[in-house]
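S.K.: Structure of the sequence below:
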Amino acid sequence: MSMLNLVYLIFAFIPARAENICSAARDRPGVARLSTVDEQLKCVLSNIDPGYIIDLTRRLVATRSVYDPAVPGATEEAAARLVAAELSALGLAVHVEEVAPGRPNVIADWQGSAPGPTLLFEGHTDVVTEGNPARWTYPPFSAELVDGRIYGRGSADMKSGIAAAVGAVRALARSGLPYRGRIRLAVLVDEEDLMLGVKHFIRSGWAKGVDGAIVCEPEQNEVCLIQKGAMRVRVEFTGVMAHGAMPQAGVNPIPWAAEFIQALGRLEARLVQEHGENVHLGRPSLTPTIVQAPAEGPPQLNVIPAAARVFVDVRTIPGVDHRRLEADMRAILSAMSERDPRVRAELEVFEDRPWTETPPDTPIAQAVAEACRRAAGREPVYGGVPGATDGTFLSAWAGIPIVTLGPGDRYIPHQVDEYVEVDQVIEAARIYAASAVLFSARHPESRALGRGAEQAG
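M.R.: Sure thing, here's the model as predicted:
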């Protein structure tokens, strides 16, 4: 018998076991509710259903949600509708809001039995392209379950995280526990591109009143309180088109682009010298990723292009000032123009994503760390998010304390043969559920309400 089959046999008894644990505690003489956090955790965790979570993960992975504006119907809609239907079946109040044609956000609330803090679980339905399916060992949207792994595009990034969050809320609802507060699930679109989904979520007021958020991105179930910032930069150099045999008749923008790129390297070295290397995130970087000359149209060997374009992927760590960094890049161009008045360059930061850092003593950070101990049986392992996530804007725009934690190797997303370990998915669901219990029990708002109820009684 395989280990996975053994797991399924063990968990076949979960419904009866869960009811016994929860009923025994509820039926104690003179106790109207589960009186200790330990009892609440045992009850909720006994309602985690691995079979349900694995099945939901596979159904989500099998639902292709690559956004491609060139292909009619290639959006996140089918995956979003699947999530919305699942949450409606669980009795949550579900809202589906279109961010762009065929690209809906799904927001759902589970309201506890008493007022308290609001905890947000956040994820995204869009996935990156699968590339050439022939390079995959298993078809990229077949969601094959092999040797304890689910294979497919989006399995790690991040449909398993969505399924784990839904499974956690399902366990809370099925436990019948009195719960102080509200849990909101936000399953959003466009995280892989311009993050239109989370921006719409915040602008529509859904972030108001949220006291803490868990971003369910693949981070190997590490507790990530810190993530890199990002700037997307475009620089346009304008010259004068001419015949390659008569370069003096034109102005070649390519050497300017090359000089700017070399200056970026020196600026990066200065940043590293000033800010060092973060233990979880590494170094800040300024990486030229696209160089185009000509900027428009096909290149030709014997033609000096009229324009050249450089795109720069900037990644920052805590302490780096984005405004100052933009000013430094503009200063490079100004210095070039002073040396050569023919230099004409325009710089645009078309996307700015601040770095984030959540103090470890915030209620959500403490709850998640303790949940690792209580639900996963281990000390929390701390890490950092190397890229930007929707959590960037939840923190920067809405001021919500965030923790990023989810199943999946952080290096496997966007690769051929992407997969997620089933054990990590179930562990994530347990951590999410325990985090919700602990966040509610220990949040200052819940404590104040609890004292008020005791005094009224």
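
S.K.: Need the pLDDT of Ser23.
M.R.: pLDDT, Ser23: 66.

S.K.: how near is Cys162 to Leu87?
M.R.: You called it Cys, but residue 162 is Ile. Distance, Ile162 to Leu87, using C-beta to C-beta, to the nearest Å: 10 Å. Yep, even glycine has a C-beta here, placed from its N, CA and C like the rest.

S.K.: what about these two, which has more around it?
M.R.: Ile162 (27 against 23; other C-beta atoms under 10 Å).

S.K.: Now the element after the helix or strand harbouring the more buried one, going C-ward?
M.R.: Assigned by DSSP states H and E, Ile162 belongs to helix 160-175. Using DSSP H and E, the next helix or strand after helix 160-175 towards the C-terminus is strand 180-188.

S.K.: Can you name every helix or strand that that next one contacts?
M.R.: Here strand 180-188 touches helix 77-89, strand 103-111, strand 114-124, helix 160-175, helix 196-203, helix 422-442, helix 444-456, going by 3 or more C-beta pairs under 8 Å, 6 or more residues apart in numbering; DSSP states H and E.

S.K.: Show me this protein divided up by domain.
M.R.: Following automatic domain parsing, the chain resolves into domains at 3-227+356-456, 229-353.

S.K.: Name the stretch among the ones you listed that sits most buried.
M.R.: The highest mean neighbour count among the domains of the chain, using mean count of other C-beta atoms under 10 Å, belongs to domain 3-227+356-456: a mean of 20.

S.K.: what's the spacing between it and its chain's center?
M.R.: The gap between where domain 3-227+356-456 is centred and where its chain is centred comes out at 11 Å by C-alpha atoms, centre = their mean, to the nearest Å.

S.K.: do stretch 324-332 as well
M.R.: Taking C-alpha atoms, centre = their mean, the mean C-alpha location of stretch 324-332 is offset from the chain mean by 29 Å.

S.K.: so where's this structure shaky on pLDDT?
M.R.: For the chain, the stretches with pLDDT under 70 are 1-20, 23-35, 445-457.

S.K.: at 90 instead, please
M.R.: Low-confidence segments of the chain (pLDDT under 90): 1-36, 177-178, 442-457.

S.K.: need the helices for it, in chain order.
M.R.: Assigned by DSSP state H, the helices in the chain fall at 3-11, 14-26, 37-46, 50-61, 77-89, 160-175, 196-203, 254-275, 322-339, 363-376, 390-396, 422-442, 444-456.

S.K.: Need those in TSV (columns: distance to Leu225).
M.R.: As requested, these are arranged in TSV below (distance: least, C-beta to C-beta, whole Å):
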stretch	distance to Leu225
helix 3-11	31
helix 14-26	32
helix 37-46	22
helix 50-61	25
helix 77-89	27
helix 160-175	17
helix 196-203	19
helix 254-275	18
helix 322-339	20
helix 363-376	6
helix 390-396	11
helix 422-442	14
helix 444-456	19
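
S.K.: follow-up on the earlier one: and of the helices and strands packed on strand 180-188, who's closest to Leu188?
M.R.: helix 196-203 (3.2 Å; C-beta to C-beta).

S.K.: Hey, what's the angle from that closest one to helix 77-89? Just curious.
M.R.: Interaxial angle, helix 196-203 versus helix 77-89 (axes from the mean of the first three to the mean of the last three C-alpha atoms, to 10 degrees): 50 degrees.

S.K.: quick one: contacts of helix 196-203?
M.R.: Here helix 196-203 makes contact (C-beta atoms under 8 Å, 6 or more residues apart in numbering) with 97, 99-100, 103, 105, 107, 122, 124, 126, 186, 188-191, 207, 390, 393-394, 397-398.

S.K.: go on, stretch 82-91?
M.R.: Contact partners of stretch 82-91, identified using C-beta under 8 Å, 6+ apart, comprise 56, 59-60, 63, 94, 96, 104, 106, 108, 110, 125, 162, 166, 169-170, 173, 185, 187.

S.K.: Kindly recompute the last result at 7 Å.
M.R.: Here stretch 82-91 makes contact (C-beta atoms under 7 Å, 6 or more residues apart in numbering) with 56, 59-60, 63, 94, 96, 106, 108, 125, 162, 166, 170, 173, 185, 187.

S.K.: again with stretch 149-165
M.R.: Defining contact as C-beta under 7 Å, 6+ apart, one finds that stretch 149-165 is touched by 53, 56-58, 60-61, 65, 83, 121, 123-124, 127, 130, 138, 140-144, 185, 187, 216-218, 406-409, 412-413, 417-422, 425, 428-429, 432.

S.K.: For stretch 48-65, give me every contacting residue.
M.R.: Identification of contacts with stretch 48-65 by C-beta under 7 Å, 6+ apart yields 7-8, 11, 14, 76, 78-79, 82, 86, 125-127, 141-143, 145, 150, 152, 154-155, 159-160, 162-164, 166-167, 170-171, 422, 425-426, 429-430, 433.
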